[in-house]
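Undergrad: Any chance you could fold what I've pasted below:
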Amino acid sequence: MNRIIALAVVVVAVLLAGASTLLVVDQRHVAVVYSRGGENPVVVGPGLHLKLPAPLQTAMEVDTRLRTLVPPDADRYVTSDKSELLVTPVLKYRVVDPLKLFNETDGDQQSATERLAAQLRTALGEALGKRTLSDAIAQEGPVAQEARAAMAATAGALGIEIVDVQFARVDYPQASAEAVYKRMAAAREQVANDVRAQTAAEVAEIKADAERQRQAVLADAYASAQAIKGEGDAKAASIAADAFGRDPGFYQFYQSLQAYRSVFKPGDVIVVDPDSEFFRFMRGPDGSAAPTNPAASASRKH
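TA: Next comes the predicted model:
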C-alpha cells in the first residue's frame, strides 16, 4: 500500500514537472521566457513551447493587441492664463518590443502602465500650459497630437508604440465654471461687436460709393441734357431764322400767336388798349389793319 502511494506521488510529481515545462501562448500574446533573476530573456510567439520547470525558467505573457488606458479620475490642468481644466484623456497604445518592455520593467507590466499614465499627464500638462483657456478648448485635436508626439520617445524606451491620444471629457472645476462661462460670453460678445462694426463700416462705404456713382450719373445726364438742349435750341433758332428769311410776315404772325397763348389764360381779366400794336394780328391776319380809333391812336402818338 505504501509503495502504491509512493508511486502515485512520483507520477503526480512527474506530471506536474512535465506540465511546468510546457508553455502555451495564444494568438493574442507573446511570451518572454527568462531564467532565475531575469537572466537570458527570450521572446517566443504564439504556439506550444518547452521550457525548464519553474523556478529554473519563468514566462511572462505580453498582450500585443491595441490597448486602451483611461485614468479612473479626471486630471486637473492649468492653462497659460491660470485657468483650470478637468481632463479625462484616453490613451491607445500597443507593445511592439516585448523584450525591451521586460528589461525596462523587470517583468512588472503594471509599472509600465503607471509610467505611461505619468508620461501622459506630463505631456498634456505641457501642451495645455502653453495655451489660454479658449485656445485649449478650441484646439483639442492639436493638443492631443502634441501630447502624442511628446510621449512617442519616452514610451518607445519601454517598447511601446503610442497610437492615439484623445479626450473623453473636458470640463471646468465647479468653483470656476461660472467665471469661465462669463469670460467666454464676453469674448463672444466682443467678436460679435467687432463683426457688427466692420459690417457697418462696409455698409457706409458701399452707400458712399453708390452716392458717388449716383452723382456721377446725374452729372453725366445733366451734361448730356444740356448738350442736347443746346443743340435743339441752336437747331430751333436756325429753323426760325430760315423761316423768317423766307416769310417774315408769317414768322411775325406765328410769334404773335405764341405770345397770345402764353398771355391769355382761361378766367383771366386783362385791361389793355385794343388798339395796341400787340393786338395788330387780331385785327387782321397780316397785321396791317388800322386801329379802330385812329384819332385816339394819333393823340397817343403826339
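
Undergrad: The closest residue to residue 150 other than its chain neighbours in helix, strand or coil?
TA: Using Cβ to Cβ, 6 or more residues apart in numbering and skipping residues adjacent in sequence, the residue nearest residue 150 is residue 123, 4.0 Å away. Glycine gets a C-beta too; all of them are placed from N, C-alpha and C. Under DSSP: H, G, I helix; E, B strand; the rest coil, residue 123 falls in the helix class.

Undergrad: residues near residue 123, how many?
TA: 25 (other Cβ atoms under 10 Å).

Undergrad: pretty sure it contacts residue 151?
TA: Yes: using Cβ atoms under 8 Å, residue 123 makes contact with residue 151 at a distance of 5.0 Å.

Undergrad: pretty sure residue 101 contacts residue 64?
TA: No: counting by Cβ under 8 Å, residue 101 sits too far from residue 64 to count as a contact (10.4 Å).

Undergrad: quick one: the strands in this protein?
TA: Under the criterion DSSP state E, the chain contains strands at 22-25, 29-35, 39-44, 47-50, 57-63, 67-69, 75-78, 84-95, 160-171.

Undergrad: what separates the second one from the chain centre, distance-wise?
TA: Strand 29-35 has its average C-alpha position 53 Å from the chain's average C-alpha position, going by Cα atoms, centre = their mean, to the nearest Å.

Undergrad: so where's the stretch 51-200 of the chain shaky on pLDDT?
TA: 174-177, 179-180 (pLDDT under 70).

Undergrad: Now do the helices in it.
TA: 98-105, 109-129, 133-138, 140-156, 174-246 (DSSP state H, counting those that start in this stretch).

Undergrad: Does the third one pack against any helices or strands, and if so which?
TA: Think helix 133-138. helix 174-246 (3 or more Cβ pairs under 8 Å, 6 or more residues apart in numbering; DSSP states H and E).

Undergrad: about what we covered before: just list the residues touching the residue nearest to residue 150, thanks.
TA: By Cβ atoms under 8 Å, 6 or more residues apart in numbering, residue 123 lies in contact with 146, 147, 148, 150, 151, 165.

Undergrad: Between residue 101 and residue 64, which is the more surrounded one?
TA: Neighbours per residue (other Cβ under 10 Å) separate residue 101 from residue 64, with residue 101 holding more: 21 against 16.

Undergrad: Please name the nearest non-neighbouring residue to that one.
TA: Nearest non-adjacent residue to residue 101 (Cβ to Cβ, 6+ apart): residue 159, at 4.0 Å.
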